[in-house]
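[1] No sequence on hand, only this structure:
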């Protein structure tokens, strides 16, 4: 089944403790992206990647890192999480000739 | 700066009626516009895409229009059902080409039996 898989689904952590949210897609998509969603603010893009080893900042990249060492994986790294990064995070992907985005199920992150 | 506006107030309608949701944008001429459905706590799911040279697109009970002069898209659900209750997001490629999608904040639709 074609899908974007994020892990974990829920994560509670404390300020300053490094964490990684994984994202994997099995559709051989070139493009992958991370969004965060907050009440009243909608979906905002954090980082995106056009292909392996190519990443770019989105609208809200501060406090986040990403890497794209393999085509299928696009982890989101929070080196020193802060409470303002408490949010619902979504990974998404799409193919080169397909404008439609496929989203993961989301990761609800709480930073205490 | 570019803006995408969707009605922030929830739309309440009765089952069987047609729901119409609006997406307005400013300061940009996108090559296409997309609509997604999002259920609480879940990822958005793609519904329809309409290109700048298309006036209307249909898929089953869904219809999307795109007026590039008004900079507006309308999303219609005919014969609405309680299962259609969700938040609907419009999205545009704000940078043209193969890069990023920017989403509106979405409109919640509530269909009562």
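    Yes, it's here. Remember, predicted model here, so these are calculated numbers, not experimental data. Residues are numbered from 1 along each chain as shown, chains lettered A, B, ... in the order given.
[2] need the residues of chain B near chain A, please.
    Contact residues, chain B versus chain A (Cβ under 8 Å from any Cβ of the partner chain): B:32, B:34, B:36, B:41-46, B:49, B:89, B:91, B:93, B:98-106. C-beta: built from backbone N, CA, C; applies to glycine.
[3] And the average pLDDT for stretch B:17-36 is what?
    The average pLDDT within stretch B:17-36 is 91.
[4] Please report how far the residue in chain B sticking out farthest from the centre lies from chain A.
    In terms of distance from the mean C-alpha position of chain B, residue B:113 ranks first, at 22.8 Å (Cα atoms, centre = their mean). Going from residue B:113 to chain A by Cβ to the nearest Cβ, to the nearest Å gives 27 Å.
[5] so that residue makes contact with residue B:15?
    Yes. Because the distance of 5.3 Å satisfies Cβ atoms under 8 Å, residue B:113 is recorded as touching residue B:15.
[6] what sits in contact with each of the two?
    Residues touching both residue B:113 and residue B:15 by Cβ atoms under 8 Å, 6 or more residues apart in numbering or on different chains: residue B:82.
[7] quick revisit: out of the residues of chain B next to chain A, name the ones that lie in strands.
    B:32, B:34, B:36, B:45-46, B:49, B:89, B:91, B:102-103 (DSSP state E).
[8] In chain B, what residue comes closest to chain A?
    Residue nearest to chain A within chain B (Cβ to the nearest Cβ): residue B:43, separated by 3.1 Å.
[9] While we're on the residue farthest from the centre of chain B, how confident is the model there?
    94.
[10] quick one: contacts for it?
    Applying Cβ under 8 Å, 6+ apart to residue B:113 gives the contacts B:15, B:82.
[11] again with residue A:19
    Residue A:19 sits next to A:11, A:13, A:77-78, A:81, A:109 when contact means Cβ under 8 Å, 6+ apart.
[12] Using the three-state scheme, assign the residue most central in space within chain A.
    Compute the mean C-alpha point of chain A, and by Cα atoms, centre = their mean the closest residue is residue A:34, 3.1 Å away. Look at residue A:34: counting by DSSP: H, G, I helix; E, B strand; the rest coil, its state is strand.
[13] tally of neighbours for the closest residue to it other than its chain neighbours?
    Spatial nearest neighbour of residue A:34, chain neighbours left out: residue A:46 (4.3 Å); criterion: Cβ to Cβ, 6 or more residues apart in numbering or on different chains. By the measure other Cβ atoms under 10 Å in any protein chain shown, the count of residues near residue A:46 is 23.
[14] Equivalent analysis for the one 5 residues further on, please.
    Around residue A:51 sit 13 other residues, with neighbours defined as other Cβ under 10 Å.
[15] Can you tell me the closest non-neighbouring residue to it?
    In space, residue A:51 is closest to residue A:30, 4.9 Å off (Cβ to Cβ, 6+ apart).
[16] Who are the contact partners of residue B:20?
    B:74-76.
[17] Apply 10 Å and report the result again.
    Shown in contact with residue B:20 (Cβ atoms under 10 Å, 6 or more residues apart in numbering or on different chains): B:11, B:13, B:63, B:65, B:74-78, B:109.
[18] Check residue B:38 too.
    If you count contacts by Cβ under 10 Å, 6+ apart, then residue B:38 has A:37, A:43, A:90, A:103, A:106, B:44-45, B:86-89, B:103, B:106, B:108 around it.
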